[in-house]
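Participant: The sequence and its predicted three-dimensional model are supplied below.
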Amino acid sequence: MPPALKDGPVLILADGLADAQRSITGPVALLAETGWNDPAVLAWGPPQEVRQHPAAGAARTIDRRGCILLPGLVNAHTHLDLSHMGARPFDPVEGFAGWIGMVRRERAVGGPAVAESVRLGVARLLRGGVAAVGDISGAFRLEPAATLAALGLRGVSYCEFFALGARWRDGIQRAGEALAALRRGLGGQTRVRAGLQPHAPYSVGLDAFRWAVEQSEGDGMPLCTHLAESRAESTLVASGGGELVEALRSFGVWDEGVAAGFGHGATPVAHLAPVLNGARRLAAVHVNHCSDADIETLARAGTRVVYCPRASSYFHHERDFGPHRYRDMMHAGITVALGTDSIINIPPDQADRLSPLDDARLLFQRDGTDARTLLAMATVNGAVALGIDEALFRFPRVAGPIAGVIAVPIPGTSPADPARAVMESRALPEFVLRPAPGPGI
């Protein structure tokens, strides 16, 4: 875990600086004040100019020449309470429903086990340069949010719930009680917010989705859902059949009423459209299956999308749906952020961290996506998806707070395009500035 910095000014020297708006070749210097809730950037630019700042004379120097400075990253979707499970191979014979069954059997249960799994996940986030996270709390517990706050991360702890079939009202009642407990636990601290996650269209009915939207719209609470993720989901929604029917039957929630809600030929996005149109703070995670009409629906509703590239590759979703349409979505005005999903789907050689930088590099290498667009997806777009102030994830033009600063080693010195050099590098990021751990909640 990155060591906490002593209070006072620090002067960071590097070979470049980049964020969603700029890519500046070096040498550069960044002067910051630590000891605040967030570090405060005082000045940045050519070293000879930054050294003229009144605070520079007393500043400790941190030498990161050979590196590019970036704002702390945003991992807009993960499941930290699954971190104890580690990377696992996907079994195509068992399919998506079999994978869900494995997660249900092996997820952490009970406060200490959940807290330890989340701590493992937070360590991986920090190793990946992540300053804020959208975490799905799947156990109706306070420990995930408490651990995030105590270890200095910002973000949203989403209370995940299921509500389908004749007992759907029981599902939203339990979710409401868990959400109230989470809010009481969060109290007055500001780093971690409570959110709500109706799990997916195949596990939460439309009435329950409407209830979740009402909660969100009532007080500005962040909302997210898994949407259009898998072939199994698309088959169920469109035809009312497929592998998820047996899974839902085994969970005791499949009945004639549930069956009647599916099988009308709709895509998952079209199925959820009546809800999307009223959900101004919703982030839809995955959206691997997305037609032109679906893109129009998402854009019209103002829905944000969180794309998890390595998760899509892990499940081979490109075979079912073709290349992900994240660039078409952004062209239509949709905010697209990056998430890692859980540690389970991370390649084993990358499973020591949970970093959207790895996903950005995948898209850079595979698709040739512009480097600064990818930095936006891994920083400010993630902040927008989570309802966090996006200014904390770019370098301020004048003095101001920042959620964190990371340094990424690059080959050579003073690259022509620092953002591109970061994407071409294989090196891990390292925090040079981050908020001090908090007291928890």
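Facilitator: Happy to help now that I have it. Numbering: from 1, shown residues only.
Participant: residue ranges for the strands of the stretch 151-300 of the chain, please.
Facilitator: For the stretch 151-300 of the chain, the strands defined by DSSP state E, counting those that start in this stretch cover 154-161, 192-198, 223-227, 282-286.
Participant: what distance separates the first one from the centre of its chain?
Facilitator: The gap between where strand 154-161 is centred and where its chain is centred comes out at 10 Å by C-alpha atoms, centre = their mean, to the nearest Å.
Participant: Next: the second one.
Facilitator: A distance of 12 Å separates the C-alpha centroid of strand 192-198 from that of its chain, computed with C-alpha atoms, centre = their mean.
Participant: residues in contact with it?
Facilitator: 134, 136, 145, 148-149, 153-161, 163, 175, 179, 182-183, 186, 204, 208-209, 212, 215-216, 221-225, 386-387, 441 (C-beta atoms under 8 Å, 6 or more residues apart in numbering). C-beta here means a position set from N, CA and C on the backbone, and glycine is covered the same way.
Participant: any idea how far the residue lying closest to Gly333 once chain neighbours are set aside lies from Val384?
Facilitator: Nearest residue to Gly333 in three dimensions, chain neighbours excluded: Ala299, at 5.3 Å (C-beta to C-beta, 6 or more residues apart in numbering). Between Ala299 and Val384 the computed distance is 15 Å (C-beta to C-beta, to the nearest Å).
Participant: ok, those two, which is more surrounded?
Facilitator: Just comparing Ala299 and Val384: by other C-beta atoms under 10 Å the higher neighbour count belongs to Val384, 20 against 14.
Participant: still on that earlier bit, tell me who's in contact with the residue nearest to Gly333.
Facilitator: So Ala299 contacts 329, 332-334 (C-beta under 8 Å, 6+ apart).
Participant: Adding distance to Pro46, pLDDT and secondary structure as columns, could you present these in JSON lines?
Facilitator: Shown next, in JSON lines, are the contacts of Ala299 (distance: C-beta to C-beta, whole Å; pLDDT from 0 to 100; DSSP: H, G, I helix; E, B strand; the rest coil):
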{"residue": "Met329", "distance to Pro46": "38", "pLDDT": "98", "secondary structure": "helix"}
{"residue": "Ala332", "distance to Pro46": "39", "pLDDT": "98", "secondary structure": "coil"}
{"residue": "Gly333", "distance to Pro46": "36", "pLDDT": "98", "secondary structure": "coil"}
{"residue": "Ile334", "distance to Pro46": "37", "pLDDT": "98", "secondary structure": "coil"}
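Participant: And the residues you listed, which of them are buried?
Facilitator: 329, 334 (16 or more other C-beta atoms under 10 Å).
Participant: which SS state does the spatially most central residue of the chain fall under?
Facilitator: Closest residue to the average C-alpha location of the chain: Ala76 at 1.2 Å, with C-alpha atoms, centre = their mean. State at Ala76, reduced to three classes by DSSP: H, G, I helix; E, B strand; the rest coil: strand.
Participant: from what I can see it touches Val306, true?
Facilitator: Yes. Using C-beta atoms under 8 Å, Ala76 is in contact with Val306, at 4.5 Å.
Participant: Find the residues that touch each one of the two.
Facilitator: In contact with both Ala76 and Val306: 134, 283, 337-339, 382, 385, using C-beta under 8 Å, 6+ apart.
Participant: Which of these fall within strands?
Facilitator: 134, 283, 337-338 (DSSP state E).
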